[in-house]
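Enquirer: how does the following fold in three dimensions:
(chains A and B)
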Amino acid sequence: MSQLVFDPSKVMNIDYTLRTEYLEGLEAIKAAHKVLKEITYTPSLPDKGYTNRTLYVNVGTLEIKEKPVTQQMKDVFIGGRGFGLYHLWNAVKPTTRWNDPENEIIISPGPVAGITQYAGTGKSLVVSLSPQTDIPIDSNVGGFYGPLLKFSGFDALELQGKSDKDIILFIDGVKGIIRIEEAPTDPVDSHVLAEILTHMYAENEADLPNISVVSTGAAAEHSLIGMLNFSFYDRRRKCVRFKQAGRGGIGTVFRNKRIRALVVRGPKVAGDLNHPADPETIAKTGIKYHKEIRENDPHQCMMRRNGTAHIVEIMDAYDLLPVHNFQFGSHPDVHKIDSSYWQQRCTQVTSDGCWYGCSMACAKGADGLTVRTGPYKGHLVSVDGPEYENAAGLGSNCGVFDPDALLELNFYCDTYGICTITYGTLTAFVMECYQRGILNLERTGGLDMTWGNAEADLEMMHQMARGEGFGKIAGLGVKKMKEHFIKNGWGDPQLINDIGMENKGLEYSQYMSKESLAQQGGYALTNKGPQHDEAWLIFMDMVNKQLPTFEDKAEALYYFPLFRTWFGLNGFCKLPWNDVVPADNASQPEPQKVPEHVQNYVDLFTATTGIKITKEDLITQSAKVYNFQRVFNIRMGKGLRLHDAAPYRSLGPVTKEEYESRAERYDKQIVDEMGLDPAGKSTEEKMALHREWRTGRFSKLMDSVYTRRGWTLDGVPTLDRLKELGLDAFPEVVEVVKQHL
Amino acid sequence: MIVVNEEPLDWHEGMTVRDVLRARNYRFPMLVIHIGDTLVPKKDYDTTTVPDGVVMKVIHLISGG
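Expert: Alright, predicted model coming up:
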């Protein structure tokens, strides 16, 4: 074990206030705006975390109305992701697809969101029917929009319908105005658009931090993997920055509705706007936590210094860093993109929180990047991150170890509105297909997609943004690329399916799961698809050996997905939960759960809402929403056992190179786990033994997990489970389930 | 020989907890370490010696995401 030491003398001398500005055309753009609809309303602040109303906007019919938040909504769905799923269920039919007008995008921050006394409390959840999966997607995002929406008077925003012209929805939570404007000449890409709109809607310089913009970019118009940027104004850098609602293509839905941007102007943020029931407990809990960050973070993960990129070298050391499309878990060049580099390259003289009061402040920024390619060639830009997922996905997984190229990929993903995780995984798939002859120069239209070729990688991204060439095909995502390649007879269908890292249509995030059966379930047995925000069990399972039995793994795959769902109901960020821990955490029972922090969350919820809960209640709250979402998936024609199937690359070695690179490990497993002798067997024979063993145990894991979750072996929540959770109060939910029992 | 997280590891005289971490390339900074049933505080990793034949648990707290 070695703790990275921060050496301030090595930090690059970069002026973080310098960047290309885009305000020159602001007045002309503003003059071209045309008001399509404007209403007035009475702004209000939350009471005990809730404003008790939501805002519905149909961008096609221009209908704008308020809806009440009922007690049942609060009791069953809490807020955030729960409110999003509730509204979406009521908006769509089983036949609705992502590009139908009735599909919605719902943004909801949750009752605790917006407090400023604790770390990681500015999150919103965005929910929609995904163009990639055809089921609900939920994406957890920072930035100011969600809290400012709530402080403008709304617990959620529902967007429905399709406009026939580009529009901006402006909510002025100070003056009480909601306006839909036609925006015919606004720029497309986020880093330009959000800067202009922030200055356009702020009344003066002091008002800039009260504006937040939700936008996407050019690629969202031509791909299925578009994401949403949620802005926050960085007072020190004096610029607009972003956090992303990345997964599942919600940005694509946004542009399909012809929404150019959402803008909110909220009141000046103060510590008491959420009007909690018990502000003293919130303050006390926050002070305790901030002290912990100050004292412990420098000796633990160094989140304040390095952000999530601190685990690049950790994942590499444990053979968990995805390299070359998840074939391998480490690479000798990783030192070029690990946190020892990023702490020199990222600006270190400023605090980097994405919401007020976040002492973890992990939203690092790399300033002073001169862009080398594409429409912004020569521009000087600031890049948010890179976070771990970006360094791993855009970097090691594609063999890109040039940090400036990685930053440029990160920059373009953000401004074009592309999910970095998805882009990393789909590009890694393209590169492996290129390596194996499934793709070639002719099929890619001249793109040499060799591992590490950042120039071709960037050009594919530019094509995606222009809706041209092979980039347009890549923008369909891994699942549809697989179908396209197989249909064209470009390679062995089994190989293509084995190496295409998607489940339910969503690309895997950036961790190797081959040696952790629990994590294989943590990815595949999810509601929305393989994102690590349900459960990250690799250390518990693979390294600590804490989950030796199927029942142990199933228990972890019961508790952790429910625990982490709760963050998304209330407006929390996951990172403050366990990226720093109390000094005495090691002596606590179940230290991996960080019991003191779980109690903090219980206290914060109770202190905000006035509703007394326990740690057990927290899990029950999540279970209601989690099971509702599972039934929602079933309602949409998915959500059964067959839809939880995992690509074999996530379970074991697909190719000879993979096997032989870790032959000692795999041979030992043949002896220890299968009771066989590998001697005299060819690599192909040993791979076949592994496939049988690994797919068999994954199937057994499914049985165990479904049983623990109260589901049938086909993955359907039982009527008893629905009743236990009170979901039998919704006849439609019961009817969906009955058809599958 | 000692056992660390269910796997055997060669032992040597004077072996410290830090030596075990180096041998296993355990680089994650948030660990909970027990020798037998005894918790080893982080500040003592360099000075705590590991007796031959013991069972050690090196619990890595959850990270990722």
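
Enquirer: residue numbers of chain B in contact with chain A?
Expert: By C-beta under 8 Å from any C-beta of the partner chain, the part of chain B that sits against chain A consists of B:5-6, B:18, B:21-22, B:25-33, B:39, B:41-42, B:45, B:57-65. C-betas here are computed from N, CA, C, even on glycine.

Enquirer: which of those fall within helices?
Expert: Among these, DSSP state H puts B:18, B:21, B:22 in helices.

Enquirer: tell me who's in contact with the second one.
Expert: Residues touching residue B:21, when contacts are defined by C-beta atoms under 8 Å, 6 or more residues apart in numbering or on different chains, comprise A:1, B:27, B:31, B:45, B:58.

Enquirer: those: which two are farthest apart?
Expert: The distance between the two most remote of those (C-beta to C-beta) is 12.9 Å, for B:27 and B:45.

Enquirer: who has more neighbours, the two?
Expert: residue B:27 (20 against 17; other C-beta atoms under 10 Å in any protein chain shown).

Enquirer: how much space separates residue A:684 from residue A:372?
Expert: Going from residue A:684 to residue A:372 by C-beta to C-beta, to the nearest Å gives 44 Å.

Enquirer: compute the first-to-last residue distance for stretch A:48-68.
Expert: 16 Å (C-alpha to C-alpha, to the nearest Å).

Enquirer: want to throw the contacts of residue B:21 into a markdown table with distance to residue A:186?
Expert: As requested, the contacts of residue B:21 are arranged in a markdown table below (distance: C-beta to C-beta, whole Å):
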| residue | distance to residue A:186 |
| --- | --- |
| A:1 | 51 |
| B:27 | 47 |
| B:31 | 51 |
| B:45 | 57 |
| B:58 | 55 |
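
Enquirer: between these, which is nearest residue A:194?
Expert: Nearest to residue A:194 among those, with distances taken as C-beta to C-beta, is residue B:27, at 38.0 Å.

Enquirer: show me what contacts the nearest residue to residue A:60 once chain neighbours are set aside?
Expert: Nearest residue to residue A:60 in three dimensions, chain neighbours excluded: residue A:161, at 3.0 Å (C-beta to C-beta, 6 or more residues apart in numbering or on different chains). Residues in contact with residue A:161, defined by C-beta under 8 Å, 6+ apart, are A:58, A:59, A:60, A:61, A:63, A:101, A:257.

Enquirer: in this structure the fifth one contacts residue A:56, no?
Expert: Yes - A contact is recorded between residue A:63 and residue A:56 when judged using C-beta atoms under 8 Å, the distance being 7.3 Å.

Enquirer: returning to that earlier point: residue A:684 and residue A:372: who's more crowded?
Expert: residue A:372 (14 against 9).

Enquirer: apart from its neighbours in sequence, what residue is nearest that one?
Expert: residue A:408 (6.2 Å).

Enquirer: residues contacting residue 16?
Expert: Picked chain A for this. Residue A:16 sits next to A:236, A:237, A:347, A:349, A:350, A:365, A:367, A:368, A:382 when contact means C-beta under 8 Å, 6+ apart.

Enquirer: think we crossed wires, I meant chain B
Expert: Counted by C-beta under 8 Å, 6+ apart, residue B:16 has contacts B:45, B:46, B:47, B:48, B:49, B:50.

Enquirer: in ChimeraX, select just the buried ones from those.
Expert: In ChimeraX, a selection of the buried entries from these looks like this (16 or more other C-beta atoms under 10 Å in any protein chain shown):
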select /B:45,48,50
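
Enquirer: could you dump the contacts of residue B:16 into CSV with pLDDT and distance to residue A:656 added?
Expert: As requested, the contacts of residue B:16 are exported to CSV (pLDDT from 0 to 100; distance: C-beta to C-beta, whole Å):
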residue, pLDDT, distance to residue A:656
B:45, 97, 41
B:46, 97, 43
B:47, 97, 47
B:48, 98, 44
B:49, 98, 44
B:50, 98, 39
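
Enquirer: tell me which of the contacts of residue B:16 is nearest to chain A?
Expert: residue B:45 (7.6 Å; C-beta to the nearest C-beta).

Enquirer: and the closest one, how far is that from residue A:299?
Expert: Per C-beta to C-beta, residue B:45 is found 12 Å from residue A:299.

Enquirer: let me see the contact set for the residue nearest to residue A:372.
Expert: Going by C-beta under 8 Å, 6+ apart, residue A:408 touches A:369, A:371, A:372, A:373, A:454, A:458.

Enquirer: give me the number of residues near the last one?
Expert: Okay, so that is residue A:458. 19.

Enquirer: contacts for the strand or helix carrying residue A:180, please.
Expert: According to DSSP states H and E, residue A:180 maps onto strand A:177-182. By C-beta under 8 Å, 6+ apart, the residues outside strand A:177-182 that reach it are A:33-41, A:55, A:57, A:59, A:62, A:64, A:165-172.

Enquirer: in it, what's buried?
Expert: A:178, A:179, A:180, A:181, A:182.

Enquirer: which one of these is nearest to chain B?
Expert: residue A:178 (35.5 Å).

Enquirer: distance of the closest one from residue A:605?
Expert: Distance from residue A:178 to residue A:605, by C-beta to C-beta: 30 Å.

Enquirer: sec struct for the residue nearest to residue A:372, please.
Expert: Three-state call for residue A:408 (DSSP: H, G, I helix; E, B strand; the rest coil): helix.

Enquirer: dump the contacts of residue A:408 into CSV; add distance to residue A:290 and pLDDT as well.
Expert: Below are the contacts of residue A:408 laid out as CSV (distance: C-beta to C-beta, whole Å; pLDDT from 0 to 100):
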residue, distance to residue A:290, pLDDT
A:369, 32, 97
A:371, 37, 98
A:372, 40, 98
A:373, 42, 98
A:454, 40, 98
A:458, 41, 98
